[in-house]
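Q: I would like to see how this sequence folds:
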Amino acid sequence: MSEKKQPGVWEGFKAFLMRGNVIDLAVAVVIGAAFTNIVNSVVKGIINPLVGAIGTKNLDSYSSCLEPHCTGTGDTATGVRIMWGSVLGATLSFVITAAVVYFLMVLPMSKFLARQAARQKAKENTQEVIEVSELEVLKEIRDALVAQRGSANSQH
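A: Numbers count the residues shown, from 1 in each chain. Predicted coordinates:
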């Protein structure tokens, strides 16, 4: 009786790591972490100073107080503050990140894939036309041979 050997834990782990999706995901995480630094630099170096032309350079300092008496900053702050500047900064970071990812990665890749699909479809259509024309030529040869036999049989 032959017993199938179950793959070991190590072999299963190696197969999992060698799967394309895992490697793609790992690359995406590393690139995403590096890209986060770029976006944060853009927000702190460009967006915040532009906002600072109107008010303060640090979006985190924008807040509103729910109670009439908000005093102090940081750990010594009293009252209930809504830190809408932090939310605005995070939202700007997200929008910039999404725009860069879309315009520099998603859009070009989708255009590339659409061109590849169009080329593949054109190639398939050309192959189909060649197959049809070969079939037509074979039918014409068959009809010519049948006609030739028919005329040869009627002459005898």
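Q: Could you use CA atoms for every contact and neighbour count after this?
A: Fine.
Q: looking at the protein, which helix or strand is least sure?
A: Least confident helix or strand, the chain: helix 48-52 with a mean of 73, by mean pLDDT, DSSP states H and E.
Q: C-alpha coordinates for it, CSV please?
A: Written as CSV, here are the backbone C-alpha positions of helix 48-52 (Å, rounded to 0.1, in the frame of the first residue of the first chain):
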residue,chain,number,x,y,z
ASN,A,48,1.6,73.6,4.8
PRO,A,49,3.5,76.7,3.7
LEU,A,50,0.8,77.5,1.2
VAL,A,51,-1.8,77.2,3.9
GLY,A,52,0.6,79.1,6.2
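Q: Quick check: the spatially most central residue of the chain vs I141, distance?
A: Centroid-nearest residue in the chain: V106, 4.8 Å away (criterion: C-alpha atoms, centre = their mean). For V106, the distance to I141 (C-alpha to C-alpha, to the nearest Å) stands at 52 Å.
Q: To what extent is L135 buried, counted in neighbours?
A: 12 (other C-alpha atoms under 10 Å).
Q: residue contacts, the residue nearest to the centre of the chain?
A: Going by C-alpha atoms under 8 Å, 6 or more residues apart in numbering, V106 touches no other residue.
Q: N125 now?
A: Here N125 is in contact with no residue (C-alpha under 8 Å, 6+ apart).
Q: hang on, it in a strand?
A: No - N125 is assigned helix when assessed by DSSP: H, G, I helix; E, B strand; the rest coil, not a strand.
Q: Show me where this protein has its helices.
A: Using DSSP state H, the helices of the chain run over residues 9-18, 20-42, 48-52, 84-101, 107-155.
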